[in-house]
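K.L.:
just coords:
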């Protein structure tokens with residue numbers, strides 16, 4: 001889940017003076033470098049990559065239940081990157097001025113949508129991994145359950161549930177005004193009565209940590225092990241290629257490539273999400289005092305770990321280009337339409353050659 005680690009403390013709304021004590025260098029540098037330099041670059045690359053992915057995976061020739069999930073994941077990642085960038089604007093000069101009241105009024109809702117789209121990305125990743133596990137390890141059951149229709153229903157369910165489960169976020173924040181050390185008014189988000197309720201904070205923190213972090217990482221780790229093992233068994237048992245078995249072996253190779261692509265997507269997800277999970281575990285057992293050295297280091301690490309989530313949302317496009325031949329071909333034919341006619345003619349000529357070759361071999365054997 002997206003955590004706003006830059007908020008030093010959930011402050012009550014009746015505070016009238018801003019606290020601007022000297023921050024730890026690590027927190028300050030990590031925040032400035034990441035939020036004002038790295039985030040805009042990663043968001044620009046990620047938005048472009050996810051738009052291309054949506055364009056490619058929604059083509060008719062790419063239609064499949066897995067690609068439905070990957071298209072939905074690209075939409076969730078695209079929205080997450082845009083909302084994340086909106087949140088990062090807080091760190092630019094002048095953004096706390098009273099004339100930016102519209103930004104601060106809508107910021108709680110952007111926090112909600114950021115959490116919701118991040119959660120959707122997490123559970124869409126879990127969904128297509130579980131589907132792939134069923135299709136690879138239980139193929140008979142997979143033919144019945146791994147359909148495009150079911151995938152679309154799961155996608156809608158994931159988005160709706162993630163929006164509902166994070167819907168309390170806007171009610172945790174209230175726009176307030178404080179005075180800095182120069183006597184200038186600044187806007188900030190104060191904690192509402194709900195956010196200051198110990199029972200609510202304890203329950204919601206535990207719930208989101210378990211449901212949005214630990215359970216998904218556990219499921220993805222287990223499924224990844226089974227998928228890698230299944231691909232390894234498939235390659236080791238594969239018979240020598242022959243003319244008669246060429247089609248089935250080609251199809252198995254393509255299935256293995258799809259599985260390996262998803263394994264790489266999941267592995268990147270775990271690598272980028274695991275640091276946040278570790279930090280959340282630390283926060284369960286250790287509560288540092290605000291503005292202490294340990295607290296500022298924790299905030300600096302939080303900035304870095306949130307950035308890793310951002311990198312994850314922007315990187316799937318690169319994995320698809322590296323791992324999937326069909327994705328690359330469809331991308332080229334989409335961007336350069338004239339290639340589609342050339343590819344089609346080559347396909348027909350190759351098919352004719354294959355049929356003639358097969359017919360010749362059959363007559364020779366007889």
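P.N.:
Sure, I can see it. Just so it is clear, the model here is predicted, and its values are computed rather than measured.

K.L.:
Start and end of stretch 134-148, how far apart?
P.N.:
With C-alpha to C-alpha, to the nearest Å as the measure, stretch 134-148 spans 14 Å from end to end.

K.L.:
Flag every buried residue along it.
P.N.:
Within stretch 134-148, the residues that count as buried by 16 or more other C-beta atoms under 10 Å are 134, 135, 136, 142, 146. In short, each C-beta sits where N, CA and C put it, glycine included.

K.L.:
can you put the residues you listed in JSON lines and add secondary structure and pLDDT?
P.N.:
Below are the buried residues of stretch 134-148 laid out as JSON lines (DSSP: H, G, I helix; E, B strand; the rest coil; pLDDT from 0 to 100):
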{"residue": "134", "secondary structure": "helix", "pLDDT": "90"}
{"residue": "135", "secondary structure": "helix", "pLDDT": "87"}
{"residue": "136", "secondary structure": "helix", "pLDDT": "85"}
{"residue": "142", "secondary structure": "helix", "pLDDT": "78"}
{"residue": "146", "secondary structure": "coil", "pLDDT": "86"}
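
K.L.:
Can you classify residue 189 as helix, strand or coil?
P.N.:
Secondary structure, DSSP: H, G, I helix; E, B strand; the rest coil: residue 189 is strand.

K.L.:
now it, which residues is it bridged with?
P.N.:
Beta-bridge partners for residue 189, by DSSP bridges, are residue 175.

K.L.:
which residues of this protein fall in helices?
P.N.:
For the chain, the helices defined by DSSP state H occupy 25-33, 39-57, 65-88, 101-137, 139-145, 148-165, 193-196, 198-209, 215-237, 246-285, 293-323, 325-335, 338-365.

K.L.:
Tell me which other helices or strands the fifth one touches.
P.N.:
Yep, that's helix 139-145 we're talking about. On a contact count with 3 or more C-beta pairs under 8 Å, 6 or more residues apart in numbering; DSSP states H and E, helix 139-145 meets helix 101-137.

K.L.:
got the buried residues for the helix it packs on?
P.N.:
Under the neighbour-count criterion of 16+ other C-beta under 10 Å, helix 101-137 has 103-104, 107-108, 110-129, 131-136 buried.

K.L.:
Closest to residue 267 out of the buried residues of stretch 134-148?
P.N.:
Nearest to residue 267 among the buried residues of stretch 134-148 is residue 136, at 16.2 Å by C-beta to C-beta.

K.L.:
so how many other residues sit close to residue 329?
P.N.:
15 (other C-beta atoms under 10 Å).

K.L.:
Next, format the buried residues of stretch 134-148 as TSV and append distance to residue 328.
P.N.:
Formatted as TSV, those follow (distance: C-beta to C-beta, whole Å):
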residue	distance to residue 328
134	27
135	23
136	23
142	26
146	24
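
K.L.:
Report the two of these separated the most.
P.N.:
136 and 146 (10.0 Å).

K.L.:
Find residues that contact each of those two.
P.N.:
Residues touching both residue 136 and residue 146 by C-beta atoms under 8 Å, 6 or more residues apart in numbering: none at all.

K.L.:
Nearest to residue 94, out of the helices of the chain?
P.N.:
helix 101-137 (10.7 Å).
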